[in-house]
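Q: Sharing a model that was predicted from the sequence below.
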Amino acid sequence: MRIMLRYILVSAIVLVTTGCAYKVGYNSSYLPPAGIAGKVDGKALVVMTAEEVEWVYSGHPTSFTGGGTTLTVPLGNITKQVALEVFSRHFDRVDSGVDLSAAAEYLIVVNPRISKFEYAYNQLQNLGFAITPEVIVNLDVKLFDAAGKQLMQKTYVSGEREGDSYMMSGSPNEKINKILHETLFDLMSQAAVDAHSIL
């Protein structure tokens, strides 16, 4: 037991003090399995400019634990992939585009963008014996009709979302990545439900 506690303490110190740089990417296995019935009879288009898709976040956690680390996340691409997956579960077909030029071919057009992202390795709530990965995500979504008229603009706010606590991990970055995917999926699903109600 004493050896285990010593290992946890050393791991925490390393996470706090070292200048590690972590990278993550889109991982479809972090999304829940499909199980939604009753798709809308029509096509949806996910529109994001090249700049929006290529946006990459790089920054430190808001927690003291891991403060010496940097996490790089391709938030634009992850947002696009999650949007395509979520709306494919609600519509017969989903395509992607960079503008509204093809809007007439679709029942609805979706433009998603993350406007806020923060992450933390919360060790305080576990009295130092474990770490809980946390994220905060704000997702801005615009919906347009086939004529390019804006139907909705709404920000979906996650609040502080927690992943599963762990005592040690060789990939703390993936703990953050997993809860990011889950949180973004939930927010995007809310947007898809709103799209249903508008239609």
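A: Sure thing, it's come through. These figures come from a predicted structure and were not determined experimentally.

Q: Can you list the buried residues in the longest strand anywhere in the chain?
A: Identified as the longest strand of the chain according to DSSP state E is strand 108-122. Of all the residues in strand 108-122, those buried under the rule 16 or more other Cβ atoms under 10 Å are 108, 109, 110, 111, 112, 113, 114, 117, 119, 120, 121, 122. All C-beta atoms are positioned from the backbone trio N, CA, C, and that covers glycine.

Q: ok, now stretch 67-87?
A: Quick answer for stretch 67-87 (16+ other Cβ under 10 Å): 69, 71, 73-87.

Q: That one: how far from the chain's middle?
A: 5 Å (Cα atoms, centre = their mean, to the nearest Å).

Q: Kindly report the same for stretch 58-72.
A: With Cα atoms, centre = their mean, you get 17 Å for stretch 58-72.

Q: So for residue 179, what's the nearest residue that isn't a sequence neighbour?
A: residue 163 (3.6 Å; Cβ to Cβ, 6 or more residues apart in numbering).

Q: Next: residue 146.
A: In space, residue 146 is closest to residue 104, 5.1 Å off (Cβ to Cβ, 6+ apart).

Q: Would you agree that neighbour falls within a helix?
A: Yes - assessed with DSSP: H, G, I helix; E, B strand; the rest coil, residue 104 lies in a helix.

Q: Can you get me a residue count around it?
A: Residue 104 has 11 neighbouring residues, counting by other Cβ atoms under 10 Å.

Q: circling back to that earlier point, after the longest strand of the chain, heading C-terminal, what element do we hit next?
A: strand 132-144 (DSSP states H and E).

Q: which other helices and strands contact the top helix by length along the chain?
A: Among the segments of the chain that qualify as a helix by DSSP state H, the longest is helix 172-198. Counting contacts by 3 or more Cβ pairs under 8 Å, 6 or more residues apart in numbering; DSSP states H and E, helix 172-198 is packed against strand 21-23, strand 70-73, helix 75-88, strand 108-122, strand 132-144, strand 150-162.
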